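K.L.:
Have a look at this prediction, sequence included:
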Amino acid sequence: MRLVSVRVITNDVARLVEFYEQVTGLEARRPAEQFAELVAPSCKLAIGSAETMALFSAGAAVPESNRTAILEFLVEDVDGEYERLRSLAVSPEIVQQPTTMPWGNRSLLFRDPDGNLVNLFTPHTDEARARLAR
């Protein structure tokens, strides 16, 4: 089994796609107005409209209600990303400025326009780098 995609359901696909394009530097593929994908080397971030949930099961996912999952992106320089994000037109709500965590990652936490928590992180210690290399 391989994890290949994480999908976020939103009421405003265009807004969320623009946000993630600016944050990641990736250009989204948009096979339909209600759906887009940002393809990274390790996984896809899919963004679907609330109306797509009718294709699965009504009410199975509710936009703007997530308080349990964190979307995590590995970056080269968390502190540099923090400075870059602060200058974007879609500057996110910062939850935690760059901080070195007890497990050795340097992390920056912020919220996307729908309130989803996003973590940009860099392994900061030898142990954290070794764990990521496995």
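P.N.:
Arrived safely. Predicted model, so just to flag it, every value in this text is computed and none were measured.

K.L.:
rest of the way, CA atoms for contacts and neighbours
P.N.:
Will do.

K.L.:
Helix, strand or coil: sort out the residue nearest to the spatial centre of the chain for me.
P.N.:
Note on the chain: the residue nearest the mean C-alpha position is Leu71, at 4.2 Å, using CA atoms, centre = their mean. Three-state call for Leu71 (DSSP: H, G, I helix; E, B strand; the rest coil): strand.

K.L.:
Compute the distance between it and Phe121, please.
P.N.:
Between Leu71 and Phe121 the computed distance is 11 Å (CA to CA, to the nearest Å).

K.L.:
Now the longest helix anywhere in the chain: buried residues?
P.N.:
When the chain is parsed with DSSP state H, its longest helix is helix 13-24. Neighbour counts using 16 or more other CA atoms under 10 Å place 13-14, 16-17, 19-20, 22-23 of helix 13-24 among the buried residues.

K.L.:
Most widely separated two among those?
P.N.:
Between any two of the buried residues of helix 13-24, the greatest separation by CA to CA is 15.3 Å, found for Val13 and Val23.

K.L.:
Tell me who's in contact with Ala36.
P.N.:
Shown in contact with Ala36 (CA atoms under 8 Å, 6 or more residues apart in numbering): 13, 17, 28-30, 46-48.

K.L.:
of all those residues, which comes closest to Phe110?
P.N.:
Within the contacts of Ala36, the smallest distance to Phe110 is 16.1 Å, found for Val17 (CA to CA).

K.L.:
Surely the closest one and Gly48 touch.
P.N.:
No. The pair Val17 / Gly48 is not scored as a contact, 9.6 Å apart, by CA atoms under 8 Å.
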